[in-house]
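Undergrad: the following comprises the amino acid sequence and a computationally predicted model.
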Amino acid sequence: MMVGVSVGGRLDKGAVVRFVKGHGTGNDFVILPDPDGVLALTPETVAALCDRRFGIGADGVLRVVRTAKHPHAVDLAGEAEWFMDYWNADGSIAEMCGNGVRVFARFLAAEALVEGATFPIATRAGVVQATVTPDAVSVVLPLPRVGAGSTATIGGLTFTGTSVDVGNPHLVCALPSGMSLGDLDLTSAPAYDPAAFPTGVNVEFVVPGATEAATFGHIAVDRRPGPDHGHIAVDSPPADGPDRGHIAVDSPPADGPDRGHIAVDSPPTDGPARGHIAMDALPADRREQGHIAVDSPPPTQPDRGHIAVDRRGGEFGHIAVDKRPVPVGVDAHVAMRVYERGSGETLSCGSGAIAVAAVALRDAGKQTGVVAVDLPGGRLTVAFDGETCVFTGPAVLVATGETLPTT
């Protein structure tokens, strides 16, 4: 695999090119430092770099080039020194990438290519302001434009959605009641109206966060047959008690009453904020067969979610970790999956999260506020002040290397 370098108008395939790998909530990118714009990228080269089996593997490529050195950005040279030249995994060019620009900002700061924690970045959708902190990167963007309705069809099902312009096109589709995000097959692209989206569209599927929270928990089943051996633990909320959490029942067998337990999640009447701790009563010298289930948030650690660990290995054991507690201090909370134009389903889509947040806030009857968006790769937040939106989440650089020359 080779990234060519333009030398006197020709493509030099013997060059070695440095790259950095980064991601934002699992939305991953190959970053190519090219300050003077000498790399001769092609759609075929980008697709090869992004191939997860024959290349480095990524959802897209971020080329880091000085604004004055790129023909698509030279007019913005007076506003920002650096231009994010973003390419989708299939080699197509996109106007904007929300997670991409946050990872781009992390790279600029890590390489000391900018001064200060806040700085401008030029994109094909315009100039945005990024702020880098140790734990997150925030980007200030213009307000997305919520547009007309349209539809997307996948797996024989047609979903009604709302078009949103975030500098790139999106279609936000709410799932009908009773359908979960896990029911969707996003192995192929949703069909859409090409008259409404002539350059293609990113399609987001959304459920309310409170409804979807149970899918981030766990279901654990001890596969041993027999009513006196197995147990079933279900992390709800169950249909008849959506505020209760879960019920876990382990027999106990008639000949071993000290082995079983019954744990019923709160809130109990005398301590609604406490959650519960349930511990199998196996003696200390047989702890590997027991399990400990802790359902947070306890009063002193409200941000922990819950952890359930069954220490038995193999087919009997499980480890389930729910890292996404219900957010506090937000005006709306949603969960989503996305099929990205040019990349397929990804673990996260930043501009898609912004589009989803804009529709969620509109549906809540508000023009300002904060929306928490849960994606398979993690949580992002979007804050609207009536004039701009601030998009925040983690952005991490994970590796660096060089492409190898080809013959």
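TA: Perfect, thanks for sending it.
Undergrad: low-scoring pLDDT stretches of this protein, where are they?
TA: Along the chain, segments meeting pLDDT under 70 span 1-14, 210-325, 406-407.
Undergrad: can you rerun that using 90?
TA: When residues are selected by pLDDT under 90, those of the chain lie in 1-16, 40, 209-329, 404-407.
Undergrad: can you pull out the helices in it?
TA: Taking DSSP state H as the test, the helices found in the chain are 43-50, 98-110, 209-212, 350-363.
Undergrad: Throw those into CSV and include mean neighbour count and distance to Leu184, thanks.
TA: (Glycine included, C-beta is placed from N, CA and C.) Shown next, in CSV, are the helices of the chain (neighbours: other Cβ atoms under 10 Å; distance: least, Cβ to Cβ, whole Å):
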stretch, mean neighbour count, distance to Leu184
helix 43-50, 20, 23
helix 98-110, 26, 21
helix 209-212, 19, 12
helix 350-363, 27, 14
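Undergrad: pipe those into JSON lines and attach distance to Ala77 per row.
TA: Listed next are the helices of the chain as JSON lines, based on distance: least, Cβ to Cβ, whole Å:
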{"stretch": "helix 43-50", "distance to Ala77": "24"}
{"stretch": "helix 98-110", "distance to Ala77": "16"}
{"stretch": "helix 209-212", "distance to Ala77": "42"}
{"stretch": "helix 350-363", "distance to Ala77": "24"}
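Undergrad: nearest to Asn27, of the ones you listed?
TA: Closest to Asn27 of the helices of the chain, according to Cβ to Cβ: helix 98-110, at 4.1 Å.
Undergrad: can I get the closest one in PDB, CA atoms only?
TA: Extracted C-alpha coordinates of helix 98-110, given in PDB (Å, rounded to 0.1, in the frame of the first residue of the first chain):
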ATOM      1  CA  GLY A  98     -17.800  16.000  13.500                       C
ATOM      2  CA  ASN A  99     -15.600  13.400  15.200                       C
ATOM      3  CA  GLY A 100     -13.000  13.900  12.600                       C
ATOM      4  CA  VAL A 101     -12.500  17.600  13.300                       C
ATOM      5  CA  ARG A 102     -12.200  16.800  17.000                       C
ATOM      6  CA  VAL A 103      -9.500  14.200  16.300                       C
ATOM      7  CA  PHE A 104      -7.900  16.600  13.900                       C
ATOM      8  CA  ALA A 105      -7.800  19.200  16.700                       C
ATOM      9  CA  ARG A 106      -6.200  16.700  19.100                       C
ATOM     10  CA  PHE A 107      -3.500  16.000  16.600                       C
ATOM     11  CA  LEU A 108      -2.700  19.700  16.000                       C
ATOM     12  CA  ALA A 109      -2.400  20.200  19.800                       C
ATOM     13  CA  ALA A 110      -0.300  17.100  20.400                       C
END
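Undergrad: begin at 52, not 1, for the rest of this chat.
TA: OK, 52 is where the count begins now, so the last one is helix 149-161.
Undergrad: quick one: neighbours of the residue lying closest to Leu431 once chain neighbours are set aside, just the number.
TA: Distance criterion Cβ to Cβ, 6 or more residues apart in numbering; nearest residue to Leu431, sequence neighbours excluded, is Gly444 at 4.1 Å. Gly444 has 26 neighbours, counted by other Cβ atoms under 10 Å.
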